[in-house]
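Novice: Got a sequence here, can you model it:
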Amino acid sequence: MSSTQSSRPFNPASRRPAQTGLAAACLLAAGVAALLLRFPPEQYNFYPQCPIHTYLHLQCPGCGSTRALAALLHGRIGDAFALNGLLVAVILPGALLYAGLCLHRLLRGDEFHWPAPPPRWSNACNYASLALAVGFAVLRNLHR
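Specialist: Below is the predicted model:
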């Protein structure tokens, strides 16, 4: 037995909570997609408004994300990128990659663990994400 494999025998019940969580995440994503397809944010005003934009008249890094997701679901990639380029170019591909990694680990048959960056990268990833979000917010407000 190699050093990367666990010495414990595989227990299928250990995957059950992860499978339930994955199924719940898929149902939630499908529900959000159905909501955005049925009730586009451009036509309905029950979606939450950004408090930063409402009170400070500045666009935060998340402004336009709901409308960008709706545009992506309708196949309007250019519109989605114009509404929130950070979401389209960085966050969605990263989320899809992360979801694929989670699914791969689940289907591999080993005991499931949510993927996480190595401990030495953790702070660097947090600071890089914060710098990217702040830089995006500054640039999108200067560009207006």
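
Novice: Spell out for me which residue occupies the centre of the chain.
Specialist: residue 95 (4.2 Å; CA atoms, centre = their mean).

Novice: Quick one: distance of the lengthiest helix in the chain to the chain centre.
Specialist: The longest helix of the chain (DSSP state H) is helix 119-143. Mean-position distance between helix 119-143 and its chain equals 15 Å (CA atoms, centre = their mean, to the nearest Å).

Novice: got the buried residues for that helix?
Specialist: Across helix 119-143, burial judged by 16 or more other CB atoms under 10 Å covers 133, 136, 137, 140. Any C-beta I mention is one placed from the backbone N, CA and C, and that applies to glycine too.

Novice: one step back: check which helix or strand the residue nearest to the centre of the chain maps to.
Specialist: Assigning secondary structure by DSSP states H and E places residue 95 in helix 92-108.

Novice: on contacts alone, who are the packing partners of that helix?
Specialist: Judged by 3 or more CB pairs under 8 Å, 6 or more residues apart in numbering; DSSP states H and E, helix 92-108 is in contact with helix 16-38.

Novice: following the helix it packs on, which helix or strand comes up?
Specialist: helix 51-56.

Novice: so the next helix or strand after that next one versus helix 92-108, what angle?
Specialist: As assigned by DSSP H and E, the chain's next helix or strand after helix 51-56 is helix 65-73. Angle, helix 65-73 to helix 92-108, by axes from the mean of the first three to the mean of the last three CA atoms, to 10 degrees: 70 degrees.

Novice: Please state the offset of helix 65-73 from the chain centre?
Specialist: The answer for helix 65-73 is 13 Å, by CA atoms, centre = their mean.

Novice: how big is the angle separating it from helix 16-38?
Specialist: 90 degrees.

Novice: Quick check: buried residues in helix 65-73?
Specialist: In helix 65-73, counting by 16+ other CB under 10 Å, buried: 65, 66, 67, 68, 69, 70, 71, 72.

Novice: nearest to residue 118, of those residues?
Specialist: residue 65 (28.9 Å; CB to CB).

Novice: And the pLDDT at residue 142?
Specialist: Looking at residue 142, its pLDDT reads 92.

Novice: With residue 129 instead?
Specialist: Looking at residue 129, its pLDDT reads 89.

Novice: and it, what is it in contact with?
Specialist: If you count contacts by CB atoms under 8 Å, 6 or more residues apart in numbering, residue 129 has none.
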